[in-house]
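> give the three-dimensional model of this entry:
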Amino acid sequence: MGSIAELRRILGTCRTLAVVGLSPQWHRPSYFAAKYMQSHGYRIVPVNPGATEILGERAYPSVTAAAQALAAQGVTIDMVDCFRRSEDIPPLAEEAIAVGARCLWQQLGVVNEAAADRVRAAGLDAVLDRCVKIEHARLFGGLNWAGVNTRVISARRPQQLPY
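From the prediction side, this is the model:
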């Protein structure tokens, strides 16, 4: 999985993201990626047993608990976005299948082929070793959100020294 058309389809149709391992600390990559996606219209569902609220959303101890709570609101989880170690992915894959998610997304550095094969066999999409924020920015024009194309950083030499 990883063609531009496939990634564009996944990011265009999966609007509710259960972010497993989402940190409440603003400087962590999971927080930054989730904040970016939230600011672009995605519903973020934090899955972190050690937190009660992250990014203004209630945090849940597991994907299953989140899915059960959201079902009462008529909301389903579209994507399980995993900020966990590769060896922690198989149970998350099973939860993604059980709650009816459409995609299991393994973040940068997270690669568990067996879990990916398992979710694909169940009819889900699987993305490995990619960042949801980077792919969204690349495919939907959000690169300037992180400081690119703001003219703050330039390859041109300044005409006068800044001091």
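> just how off-centre is stretch 108-122 within its chain?
The chain centre lies 15 Å from the centre of stretch 108-122; the measure is CA atoms, centre = their mean, to the nearest Å.
> again, but for stretch 18-38
Relative to its parent chain, stretch 18-38 has a centroid offset of 8 Å by CA atoms, centre = their mean.
> so for that stretch, mean pLDDT?
Mean pLDDT, stretch 18-38: 95.
> name the nearest residue to Ile4, ignoring sequence neighbours.
Spatial nearest neighbour of Ile4, excluding adjacent residues (CB to CB, 6 or more residues apart in numbering): Leu139 at 6.6 Å. All C-beta spots, glycine's among them, are computed from the backbone N, C-alpha and C.
> isn't there a helix covering the one you found?
Yes. Judged by DSSP: H, G, I helix; E, B strand; the rest coil, Leu139 forms part of a helix.
> tell me the predicted confidence for it.
On the pLDDT scale, Leu139 gets 89.
> confidence score at Pro49?
Taking Pro49 on its own, its pLDDT is 96.
> so how far is Gly123 from it?
28 Å (CB to CB, to the nearest Å).
> which helices and strands sit right next to the helix or strand of the chain with the lowest mean pLDDT?
None of the helices or strands of the chain scores lower by mean pLDDT, DSSP states H and E than helix 132-140, at a mean of 91. Helix 132-140 makes packing contacts with helix 4-13, helix 29-39 when contacts are defined by 3 or more CB pairs under 8 Å, 6 or more residues apart in numbering; DSSP states H and E.
> right, and Leu22 touches Tyr31 too?
Yes. Applying CB atoms under 8 Å as the test, Leu22 and Tyr31 come out as touching, 6.8 Å apart.
> neighbour count for these two, which is higher?
Leu22 (25 against 19; other CB atoms under 10 Å).
> which SS state does the more buried one fall under?
From three-state DSSP, the assignment for Leu22 is coil.
> which residues touch it?
30-31, 34, 44, 46-48, 51, 54-55, 59, 83 (CB atoms under 8 Å, 6 or more residues apart in numbering).
> please name the nearest non-neighbouring residue to it.
Closest to Leu22 by CB to CB, 6+ apart is Pro46, at 4.4 Å.
> repeat that for Tyr60.
Ala66 (3.8 Å).
> hmm, Val45 and the one you found touching each other?
Yes. Counting by CB under 8 Å, Ala66 touches Val45, with 5.0 Å between them.
> need the overlap of contacts for the two.
If you check Ala66 and Val45 against CB under 8 Å, 6+ apart, the residues they both contact are 18, 60, 77.
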